[in-house]
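S.K.: sequence and computational prediction follow.
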Amino acid sequence: MRRPSVFVAKDPEKEFRYGSRNWLLHARYVRGEHAMCLDLADDLQKNADNTHRYAHYVKGLVYADAGRHQEALERFHSCIRLQPSDPEPLKQVAKSLSCQGRYQLSLEAYLEADKLTKHPDSDIYCALAECASNLGQIERGVEWARAAVHAGGGERAGALLARLLLASGDAVGASAAYDQAIATHACGADTLAAAGALRLRAGAPREAFQLLGAALAQQPSQHAAALALAAMMLQHRDLDAALARLKAALSAHPTCVAAHSNLGLALLAKKKYVAALTCLQRAVWSAPLSARAAHNLGLALLLCRRPASAFCRLATAAALQPRQPYTVLLIGIALERLGDARADAAYARAAALAPGDALVRLNRAGRLARARAGRAVGEARAVAEILQREEKPDAQLSSSLATLLALLRDAGVQLSDLPNHLPRADTPDDLPEDDMTADEV
């Protein structure tokens with residue numbers, strides 16, 4: 001009996017000439033061979049009289065990856081015309097519309113795709129939540145994100161729900177959503193860092209430290225976790241560890257404004273004035289419309305005894321954020337050092353913006369004591385009352401208040417109407433010195 005001949009082809013395309021080559025089209029797309037993928041798709045379209053649905057679909061994916069969203073939309077619409085009941089091309093149409101910023105049309109396309117799916121699709125629900133959020137419909141986005149979580153959306157749906165809840169002002173619900181996502185899924189470094197930062201703002205430093213440490217252990221270049229840990233270390237005066245974290249964050253993202261600003265503040269605390277001014281100036285250059293960056297640079301310039309330059313930066317910060325009392329207070333200090341009579345108005349404005357802030361009122365009391373001692377008694381009384389209402393009064397503010405009262409007594413001012421029980425004035429051991437030491441090169 002004669003054996004059947006075996007066809008052996010050197011070219012794999014010739015080997016599958018008489019069968020489907022969708023597998024080859026898919027393989028070339030996932031391998032990133034986009035040029036060869038487009039050539040093969042054109043060949044398949046010629047053989048199928050431009051009715052090869054999968055070739056249209058893959059060409060649309062290639063165009064979308066290249067940022068050619070309008071051409072991608074044409075390919076996906078061709079798929080929809082060939083088979084209107086398939087939701088996948090409609091999902092890609094909605095995704096391309098979202099990339100173009102046409103969120104309302106994208107939302108409608110996702111809703112149509114949801115009608116065509118036989119089972120709940122968590123990807124569609126997540127995309128609907130993001131579109132609703134971009135349109136300013138936060139509450140509606142929360143509902144879609146909850147639907148995505150119930151549909152098994154995993155970490156993406158849980159993190160999205162937490163972000164939308166936080167945007168709506170529900171910090172407790174956002175924290176619970178992060179807890180559920182972390183407990184039920186193996187979350188990535190971004191989710192862990194976001195959860196840790198939220199715990200830090202909520203006043204739970206121990207849990208925040210664990211989450212942020214887990215994020216950095218999983219991804220050492222996660223700059224959000226590094227920034228949050230550095231902020232914790234700065235609060236606990238661990239400057240060397242904070243500097244190490246901030247440098248790691250800057251190595252991952254050299255243009256991060258928050259990292260430059262916090263690094264400048266850490267160097268300022270270590271009295272490295274030249275390096276601190278350099279970092280803070282870089283932060284201002286990177287974000288010229290950031291009120292916080294301008295405020296920090298103005299503070300550093302004041303500490304370096306450059307009140308004129310500090311006033312320019314602080315005026316910029318106040319123009320960007322007029323209701324920040326500490327910026328207005330620093331403007332008053334700069335004007336006083338420049339001998340400008342408008343300093344009194346700046347101090348009064350800062351006290352009006354924050355009437356319950358002991359630091360602001362104490363600085364105004366000092367200004368009044370230096371200008372006209374008799375008028376400082378009222379501000380000193382207000383500072384004493386504010387400190388008495390606090391459970392743990394700030395030791396440095398209490399010490400400064402005691403020093404001010406002693407100076408007023410020496411000046412002959414009557415202090416009989418002050419409260420009988422003033423806060424304890426224990427001077428902390430780590431108060432900064434006034435002299436400026438030499439900077440390291």
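M.R.: Noted; the coordinates are in hand. Numbering: from 1, shown residues only.
S.K.: so where do the helices sit in the stretch 101-250 of the chain?
M.R.: With helices called from DSSP state H, counting those that start in this stretch, the stretch 101-250 of the chain shows them at 103-116, 122-134, 138-150, 154-167, 171-184, 189-201, 205-218, 223-235, 239-252.
S.K.: tell me the mean pLDDT over the first one?
M.R.: Taken as a whole, helix 103-116 carries a mean pLDDT of 91.
S.K.: domain ranges for the chain?
M.R.: What automatic domain parsing lists as the domains of the chain is 9-101, 255-327, 355-428.
S.K.: burial of residue 150, as a residue count?
M.R.: 12 (other Cβ atoms under 10 Å). Any C-beta I mention is one placed from the backbone N, CA and C, and that applies to glycine too.
S.K.: same thing with residue 235?
M.R.: Counted with other Cβ under 10 Å, the neighbours of residue 235 add up to 11.
S.K.: cool, and residue 23?
M.R.: Residues within reach of residue 23, counting by other Cβ under 10 Å, total 10.
S.K.: could the helices of the stretch 101-250 of the chain go into a markdown table alongside distance to residue 339?
M.R.: Formatted as a markdown table, those follow (distance: least, Cβ to Cβ, whole Å):
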| stretch | distance to residue 339 |
| --- | --- |
| helix 103-116 | 55 |
| helix 122-134 | 51 |
| helix 138-150 | 50 |
| helix 154-167 | 47 |
| helix 171-184 | 46 |
| helix 189-201 | 41 |
| helix 205-218 | 44 |
| helix 223-235 | 34 |
| helix 239-252 | 35 |
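S.K.: next up, the contacts around residue 107.
M.R.: Contact partners of residue 107, counting by Cβ atoms under 8 Å, 6 or more residues apart in numbering, are 94, 128, 131-132, 135.
S.K.: same thing with residue 311?
M.R.: When contacts are counted by Cβ under 8 Å, 6+ apart, residue 311 touches 298, 331, 334-335, 338.
S.K.: quickly note the distance from it to residue 204.
M.R.: Using Cβ to Cβ, to the nearest Å, we find residue 311 at a distance of 39 Å from residue 204.
S.K.: and residue 30, how many residues sit next to it?
M.R.: Counted by other Cβ under 10 Å, the residues lying close to residue 30 total 9.
S.K.: quick check: it vs residue 68, distance?
M.R.: Distance, residue 30 to residue 68, by Cβ to Cβ: 19 Å.
S.K.: ok, now residue 108?
M.R.: Distance, residue 108 to residue 68, using Cβ to Cβ: 22 Å.
S.K.: one more: residue 389?
M.R.: In this view, residue 389 and residue 68 are 63 Å apart by Cβ to Cβ.
S.K.: when these two are compared, which one has more neighbours?
M.R.: A count of neighbours by other Cβ under 10 Å puts residue 68 above the other of residue 389 and residue 68, at 15 against 10.
S.K.: which pLDDT value belongs to the more buried one?
M.R.: Reported pLDDT at residue 68 in the predicted model: 90.
S.K.: check which helix or strand the nearest residue to residue 330 once chain neighbours are set aside maps to.
M.R.: Distance criterion Cβ to Cβ, 6 or more residues apart in numbering; nearest residue to residue 330, sequence neighbours excluded, is residue 314 at 5.2 Å. Element membership for residue 314, per DSSP states H and E: helix 307-320.
S.K.: what residues does the next helix or strand after that helix touch?
M.R.: Counting by DSSP H and E, the next helix or strand C-terminal to helix 307-320 is helix 325-337. The contact list for helix 325-337 (Cβ under 8 Å, 6+ apart) reads 291, 295, 298-299, 302, 307-308, 310-311, 314-315, 317-318, 321, 342-344, 346-347, 349-351, 353-354, 357, 359-360, 363-364, 367, 370.
S.K.: again, 7 Å this time
M.R.: With contact meaning Cβ atoms under 7 Å, 6 or more residues apart in numbering, helix 325-337 is reached by 295, 298-299, 302, 307, 310-311, 314-315, 317-318, 321, 342-343, 346-347, 349-350, 353-354, 357, 360, 363, 367.
S.K.: same deal with stretch 133-145?
M.R.: Residues from elsewhere that reach stretch 133-145 (Cβ under 7 Å, 6+ apart): 103-104, 107, 125, 128-129, 132, 157, 160-161, 164-165, 167-168.
S.K.: let's see it at 6 Å
M.R.: Stretch 133-145 is contacted from outside by 103, 125, 128-129, 132, 160-161, 164, 167-168, using Cβ atoms under 6 Å, 6 or more residues apart in numbering.
S.K.: ok, those residues vs residue 190, which is closest?
M.R.: Taking Cβ to Cβ as the measure, residue 160 is the one of these closest to residue 190, at 11.7 Å.
S.K.: excluding chain neighbours, what is closest to residue 382?
M.R.: Leaving out its chain neighbours, the residue that sits closest to residue 382 by Cβ to Cβ, 6+ apart is residue 361, at 5.1 Å.
S.K.: re earlier: I'd like to know which of the contacts of residue 311 are buried.
M.R.: Burial by neighbour count, judged by 16 or more other Cβ atoms under 10 Å, picks out 298, 331, 334-335 from those.
S.K.: how about these in a markdown table, adding pLDDT?
M.R.: What follows is the buried ones among the contacts of residue 311, written out as a markdown table (pLDDT from 0 to 100):
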| residue | pLDDT |
| --- | --- |
| 298 | 93 |
| 331 | 93 |
| 334 | 93 |
| 335 | 92 |
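S.K.: alright, that wraps it up for me.
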